[in-house]
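1. test case, fold it:
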Amino acid sequence: MTFTPEGSAAPTAPRPGPGPAVPSQAAPVPRSPAPAPAPDGGLPRRTAFAEGVDQLRAAATTEPGRLRIIGAVLALLVIAFGSVTAWQMNDRAAAADDVLHGSQPLSSAAAEIYSSLAAANTAASSGFLAGGQETPESREVYEREMGNAARNLAFAATASKSGSDSEQRIAKLNALLPEYKGLVERARANNRLGYPLGGAYLRYANDKMQNMLGEAQSIYDNENERLRDDYADATAYPWAALGLGALAIGGLVWAQRRNYRRTNRVLNHGLVAATAASTVVLLWLAGGHTLARAGLNDSYEHGVRSLTVLNDARIASLTARGNENLTLISRGAQSIKITVDGKETTVDEFDHNFKKEMRNLEDRLAAAERLADDSGGAKPVRAAGLAMEEWKARHGKARKADDRGDYQCARDQVIGGKATDDCPDGDRPTGQCFDQVDTNLGLASTYEKDEFKAAARSGRAAMLGLPVGAAVLAVLGAAGAVLGIGRRLSEYR
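-> Here you go, the predicted model:
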């Protein structure tokens, strides 16, 4: 080794030896950057989370620390249980309120739109059959039903969701309504003058009405779907709240058992109060929701379903009556081909539709009678069924008169006239039977609406006070848990 003039050792040259040459200096090894020094020149500062974890671990090594952790967890569980219970039951109560005051009335309004339009169309065709001597009664029915349709459209427009399919269809119906009325008035004017063009205008009006009824049916279907969604929301089980309740009570029971094993004290008043409050909330939740669900399900099974079938029955009867009138108005102008027993035959379109709607009416009445849960709902349905059977019999006689060329007798047996030797049943028109069917269906619908309201209100009432009560009891339960644990902690001071 040699020394430089400054006295430092100079590096010696490597000695030769076997093997590859060794470089005089090793390649630099990459190193991770050193941590930045703290502002005060000491070690880098740890994060608050890491320090909190260390403090929690340190606390868990002592009994007072463990008690504080247990108290905080129990209070958090009880508060979470109460909060989730209040939230879920508030949502279900709102959905039940929508069923009672929103979607079901809107569904009924949609059904009324369809029924009023069909009734107005039937009244227009009945008045047309009377010729220039249209009765004030038929005119009054037409105007009343058109007014009902307009009012229900206005209600549906305000209650439907903005931008929804129902809102667009309601706007379309509002535009079609004056067009239909214009065609009816032209048909009446030509009919009074005895022009055959009146019948053509009425058929055009009927075609436009069929388009309107299609729109009304879509609105009705949309609102029924909305009603079913509200029922599903109102009756859904609050699984999250039930699970948290069971967890909170389980935690409180475990804490009391732990306390007993360490102190031989049977009761801790604070923990007992918290357990009692949580148990009350859980039982209230389970019982209240069960009663609410039962009431709402009853309102659907014996209210909504019955009303739906009765609405369909009334629509079928109105459609059948309109087709019966149009059979005489068209006088065979519109026919269709159908296959009977493998053979194709030509029949009057309106009479064919009449028979189809009467079969539909018969099926709907049978379903309504099955759904009726007491005599108050079943009695008017049975009366409507008897009137329907009489209607079918009288219609058969009117068709026979029309088929043999006696148009006047056929017309009298449909809209009413005088009994004569050639037409002994002229004073027993099918219109009387239709009125009896319509009246009894209206009585049955009114009864089922009352049944629905009573059951839905009962279900809604079972949830009243539960959200607020759950929140209050949860706060009291959390306070009890904290006080109970605090009582134990005071023994270490």
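
2. so residue 347, which of the three states?
-> Of the three states, residue 347 takes strand under DSSP: H, G, I helix; E, B strand; the rest coil.

3. next SSE after whichever helix in the chain runs longest?
-> Counting by DSSP state H, the longest helix found in the chain is helix 197-235. Toward the C-terminal end, the helix or strand that comes next after helix 197-235 (DSSP states H and E) is helix 239-263.

4. so what's the gap between that following helix and the chain middle?
-> 38 Å (C-alpha atoms, centre = their mean, to the nearest Å).

5. what about the helices in this protein?
-> With DSSP H as the criterion, the chain has helices at 48-60, 63-98, 104-129, 136-159, 165-192, 197-235, 239-263, 269-299, 305-330, 349-371, 375-403, 407-415, 430-461, 466-489.

6. please identify the buried residues of the longest helix of the chain?
-> 198-206, 208-209, 212-213, 215-220, 222-224, 226-227, 230-231, 234-235 (16 or more other C-beta atoms under 10 Å). Backbone N, C-alpha and C define where each C-beta goes, glycine included.

7. quick one: it to helix 165-192, angle?
-> Angle, helix 197-235 to helix 165-192, by axes from the mean of the first three to the mean of the last three C-alpha atoms, to 10 degrees: 160 degrees.

8. could you report the separation of residue 453 from residue 183?
-> Distance of residue 453 to residue 183, given as C-beta to C-beta, to the nearest Å: 39 Å.

9. more neighbours, these two?
-> Under the criterion of other C-beta atoms under 10 Å, the comparison of residue 453 against residue 183 puts residue 183 first, with 21 against 14.

10. residue 199 is in contact with that one, correct?
-> No. Checked against C-beta atoms under 8 Å, the pair residue 183 and residue 199 is beyond contact range at 12.0 Å.

11. number of residues surrounding residue 173?
-> Per other C-beta under 10 Å, the neighbour tally for residue 173 reads 24.

12. just to revisit the earlier point, JSON lines for the helices of the chain, including mean pLDDT?
-> Output for those, formatted as JSON lines (pLDDT from 0 to 100):
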{"stretch": "helix 48-60", "mean pLDDT": "63"}
{"stretch": "helix 63-98", "mean pLDDT": "90"}
{"stretch": "helix 104-129", "mean pLDDT": "87"}
{"stretch": "helix 136-159", "mean pLDDT": "88"}
{"stretch": "helix 165-192", "mean pLDDT": "89"}
{"stretch": "helix 197-235", "mean pLDDT": "89"}
{"stretch": "helix 239-263", "mean pLDDT": "90"}
{"stretch": "helix 269-299", "mean pLDDT": "92"}
{"stretch": "helix 305-330", "mean pLDDT": "89"}
{"stretch": "helix 349-371", "mean pLDDT": "92"}
{"stretch": "helix 375-403", "mean pLDDT": "92"}
{"stretch": "helix 407-415", "mean pLDDT": "87"}
{"stretch": "helix 430-461", "mean pLDDT": "92"}
{"stretch": "helix 466-489", "mean pLDDT": "88"}
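
13. so which of those comes closest to residue 339?
-> helix 349-371 (12.1 Å; C-beta to C-beta).

14. quick one: the closest one to helix 430-461, angle?
-> Going by the same axes, to 10 degrees, helix 349-371 makes 40 degrees with helix 430-461.

15. elements contacting helix 349-371?
-> With contacts defined as 3 or more C-beta pairs under 8 Å, 6 or more residues apart in numbering; DSSP states H and E, helix 349-371 has these neighbours: helix 305-330, strand 335-340, helix 375-403.

16. let's see 10 Å
-> helix 305-330, strand 335-340, helix 375-403, helix 430-461 (3 or more C-beta pairs under 10 Å, 6 or more residues apart in numbering; DSSP states H and E).

17. just the CA trace of that helix, in PDB.
-> Taking Å, rounded to 0.1, in the frame of the first residue of the first chain, the C-alpha atoms of helix 349-371 are listed here in PDB:
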ATOM      1  CA  GLU A 349    -118.200  -9.400 -38.300                       C
ATOM      2  CA  PHE A 350    -120.100  -7.500 -35.600                       C
ATOM      3  CA  ASP A 351    -122.300 -10.500 -34.700                       C
ATOM      4  CA  HIS A 352    -119.200 -12.700 -34.500                       C
ATOM      5  CA  ASN A 353    -117.600 -10.200 -32.200                       C
ATOM      6  CA  PHE A 354    -120.800 -10.000 -30.100                       C
ATOM      7  CA  LYS A 355    -120.700 -13.800 -29.500                       C
ATOM      8  CA  LYS A 356    -117.000 -13.700 -28.600                       C
ATOM      9  CA  GLU A 357    -117.500 -10.900 -26.100                       C
ATOM     10  CA  MET A 358    -120.400 -12.700 -24.500                       C
ATOM     11  CA  ARG A 359    -118.300 -15.800 -24.000                       C
ATOM     12  CA  ASN A 360    -115.700 -13.500 -22.400                       C
ATOM     13  CA  LEU A 361    -118.300 -11.900 -20.200                       C
ATOM     14  CA  GLU A 362    -119.500 -15.300 -19.100                       C
ATOM     15  CA  ASP A 363    -115.900 -16.300 -18.100                       C
ATOM     16  CA  ARG A 364    -115.300 -13.100 -16.300                       C
ATOM     17  CA  LEU A 365    -118.500 -13.400 -14.300                       C
ATOM     18  CA  ALA A 366    -117.600 -16.900 -13.200                       C
ATOM     19  CA  ALA A 367    -114.200 -15.700 -12.100                       C
ATOM     20  CA  ALA A 368    -115.700 -12.800 -10.200                       C
ATOM     21  CA  GLU A 369    -118.000 -15.100  -8.300                       C
ATOM     22  CA  ARG A 370    -115.100 -17.300  -7.300                       C
ATOM     23  CA  LEU A 371    -113.100 -14.400  -6.000                       C
END
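
18. how about it: buried residues?
-> 349-354, 357-358, 360-362, 364-365, 367-369, 371.

19. I'd like the helices of the chain laid out as CSV, including distance to residue 340.
-> Shown next, in CSV, are the helices of the chain (distance: least, C-beta to C-beta, whole Å):
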stretch, distance to residue 340
helix 48-60, 83
helix 63-98, 49
helix 104-129, 27
helix 136-159, 35
helix 165-192, 33
helix 197-235, 25
helix 239-263, 56
helix 269-299, 44
helix 305-330, 18
helix 349-371, 11
helix 375-403, 16
helix 407-415, 23
helix 430-461, 24
helix 466-489, 61
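
20. so which of these is nearest residue 342?
-> Nearest of those to residue 342, taken as C-beta to C-beta: helix 349-371 at 17.7 Å.

21. and the angle for that closest one with helix 375-403?
-> Using the same axes, to 10 degrees: helix 349-371 against helix 375-403 is 160 degrees.
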